[in-house]
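J.: Quick one: sequence and predicted model below, then my questions.
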Amino acid sequence: MKKNHILTAALAAAFLYQAPAFAADAPAPMKLAAAMSSSPQQETLTPLEHLTLGTVLLLEKERDAFEMQQVFRMALYFRPLRRVYDPNPALIRKGESPNVEKTYVDRIKKVLGPDMLKRIEQTKLTRADMLNYLERHHTLYNVDWKKDPTFALLEYAVNDFHEQIAPPNTIDPKHKPDFYIADSIKSISGKNAGDGKKLFEGICASCHGMDGQGRFPPIVMKSYLSLHSDHEHFEIVKAGPPQKLGSPVVMPTFDNKLNEDQIWSIVQYLRTWEQNWADPKNVRRGEAEAKAAKVKFYSTPEIRKIWEAKKSDVVLLDLQSDIAYRIMGHIPGTMHIRPDDLDKKLGKISKDKEIIVIDMFGSQGLAPATELAKKGYKVGYMSDGMMDWHISRDFPVEY
């Protein structure tokens, strides 16, 4: 299996997650699942473990059995299941739904279909099979499969599906651009409180902004953090995300510039932003400006009603990147314009119609929506982005 490949920066999602299976207030079935998976000697797999292991083994042995749309959906639907079992104490779980596991297991089963699901159920996999898979899988940073086998299984499964949807030809890390780091920043050890923030602001902020909401993706947004695990962040900082040859913006690699303590401190700093978004007083960059420009904010269910009504005086404008539009999916019938092409193609839209801007995270489309409003267009904005439409709510999508 090739080196761990992190989902491209175009993929992220906003979910409402439940408390971890080992939490005191977790639902009883989840406590049982955790107890059953805690002993490496226990032969019986939980239903979730059996479904996950059976799916990734089928993917490994019979890749042609999966259509690309199934691969896309699997890569997305396994992600929130990781958070249920993630032992990371820094995760903010307030307000998470108690039904996450059932919700996404049901979706995975629906994507697999009855024939493939029956084959997986008939395999009668054991804990020995699971441990064999974990042991021979290449190591992912900070995933201790011996200590947390269920979490590791889900983490590895996400990785395996992501490898199927990565760009076929990516830029070798050694060919990515160099990045100058001042000696004063290099001297920050990463071992002390506050080092992660200092390193982020001294290195990452040049592209991502001091508030982390700059150049795509907005890496501190709740919708992004809730989807990504800390090991993914570590690997992205270390080697960059997989990017196609000719990409206009290429993230540098920091493997030969920062040590593990420094990278890990940056990752931990990113995770602290979950606490920021737990406070309802904190808002996204550009939200106040958009509201001041009279951009109307819509909830996802409100957008679905508008979409179903097929109103002729409304244009649902999808401003996702090409890869996000293809991989994440899009609302059927929407107009797609890449963010960089908006000014050139704006003439196609009449000012007599309301333009409702749709993006991935519910953040990066705020600035374009504001500019459209200032130019005299009647503008709406889908507040929570395609992640809420597709992942949280499972509303209809096309690829």
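T.: Done, it's in.
J.: Name the nearest residue to the residue of the chain most remote from its centre, sequence neighbours excluded.
T.: Centroid-distance maximum for the chain: residue 352 at 35.8 Å, with Cα atoms, centre = their mean. Distance criterion Cβ to Cβ, 6 or more residues apart in numbering; nearest residue to residue 352, sequence neighbours excluded, is residue 313 at 7.0 Å. C-beta here means a position set from N, CA and C on the backbone, and glycine is covered the same way.
J.: again with residue 385
T.: Leaving out its chain neighbours, the residue that sits closest to residue 385 by Cβ to Cβ, 6+ apart is residue 362, at 3.5 Å.
J.: circling back to that earlier point, which residues touch the residue nearest to residue 352?
T.: 352-354 (Cβ atoms under 8 Å, 6 or more residues apart in numbering).
J.: Need the phi and psi values for it.
T.: Note on residue 313: its backbone torsions stand at phi -100, psi 20 [degrees, to the nearest 10].
J.: Determine the longest helix present in this protein.
T.: Longest among the helix segments of the chain by residue count, using DSSP state H, is helix 100-121.
J.: any idea of the mean pLDDT for that helix?
T.: If you average the pLDDT over helix 100-121, you get 94.
J.: counting contacts, what elements does the helix or strand following it pack onto?
T.: Downstream of helix 100-121, the next assigned helix or strand under DSSP states H and E is helix 127-136. When contacts are defined as 3 or more Cβ pairs under 8 Å, 6 or more residues apart in numbering; DSSP states H and E, helix 127-136 packs onto helix 47-61, helix 149-165.
J.: Tell me which of these sits nearest to residue 377.
T.: Closest of the helices and strands packed on helix 127-136 to residue 377 is helix 149-165, at 34.5 Å (criterion: Cβ to Cβ).
J.: Can you name the next helix or strand after the closest one?
T.: Using DSSP H and E, the helix or strand that follows helix 149-165 in sequence is helix 183-186.
J.: Pull out the buried residues from that following helix.
T.: Residues of helix 183-186 classed as buried: residue 185 (neighbour count, 16 or more other Cβ atoms under 10 Å).
J.: again, but for stretch 140-154
T.: Buried residues in stretch 140-154, defined by neighbour count with 16+ other Cβ under 10 Å: 140-143, 145, 148-154.
J.: Most widely separated two among the residues you listed?
T.: 141 and 150 (18.3 Å).
J.: if we can go back for a sec, could you pick out which of the contacts of residue 313 are located in strands?
T.: residue 354 (DSSP state E).
J.: What is the nearest of the contacts of residue 313 to residue 193?
T.: Residue 193 has its nearest neighbour among the contacts of residue 313 in residue 354, at 48.6 Å by Cβ to Cβ.
J.: Does residue 303 belong to a helix, a strand or coil?
T.: helix (DSSP: H, G, I helix; E, B strand; the rest coil).
J.: for the one 5 residues further on, same thing?
T.: Secondary structure, three-state DSSP: residue 308 is helix.
J.: what about it, distance to residue 297?
T.: Residue 308 is 19 Å from residue 297, where distance means Cβ to Cβ, to the nearest Å.
J.: cool, residue 231 as well?
T.: 34 Å.
J.: Have a look at these two and say which one is more surrounded.
T.: Remark: of residue 231 and residue 297, residue 231 carries more neighbours, 19 against 16, as counted by other Cβ atoms under 10 Å.
J.: Quick check: which element contains that one?
T.: Per DSSP H and E: helix 230-239 holds residue 231.
J.: Check which element follows that helix along the chain.
T.: Criterion used, DSSP H and E; the element after helix 230-239 is helix 260-277.
J.: Quick check: phi and psi on the closest residue in space to residue 396 that isn't next to it in sequence?
T.: Among residues not flanking residue 396 along the chain, residue 332 sits closest, at 6.0 Å (Cβ to Cβ, 6+ apart). Dihedral pair for residue 332: phi -50, psi 130, per degrees, to the nearest 10.
J.: who's in contact with residue 332?
T.: Neighbour list for residue 332: 307, 396-398 [criterion: Cβ under 8 Å, 6+ apart].
J.: which parts of stretch 239-258 are buried?
T.: Across stretch 239-258, burial judged by 16+ other Cβ under 10 Å covers 239-243, 250-255, 257-258.
J.: who's in contact with it?
T.: Residues from elsewhere that reach stretch 239-258 (Cβ under 8 Å, 6+ apart): 5-9, 166-167, 169-171, 173, 176-179, 181, 186, 190, 199, 203, 207, 215, 236-238, 263, 266.
J.: who are the neighbours in contact with the nearest residue to residue 394 once chain neighbours are set aside?
T.: Of all residues not flanking residue 394 in the chain, residue 107 sits nearest, at 6.3 Å (Cβ to Cβ, 6+ apart). Shown in contact with residue 107 (Cβ under 8 Å, 6+ apart): 73, 77, 394.
J.: Ok, residue 208 next?
T.: Counting by Cβ under 8 Å, 6+ apart, residue 208 makes contact with 214-215, 218-220.
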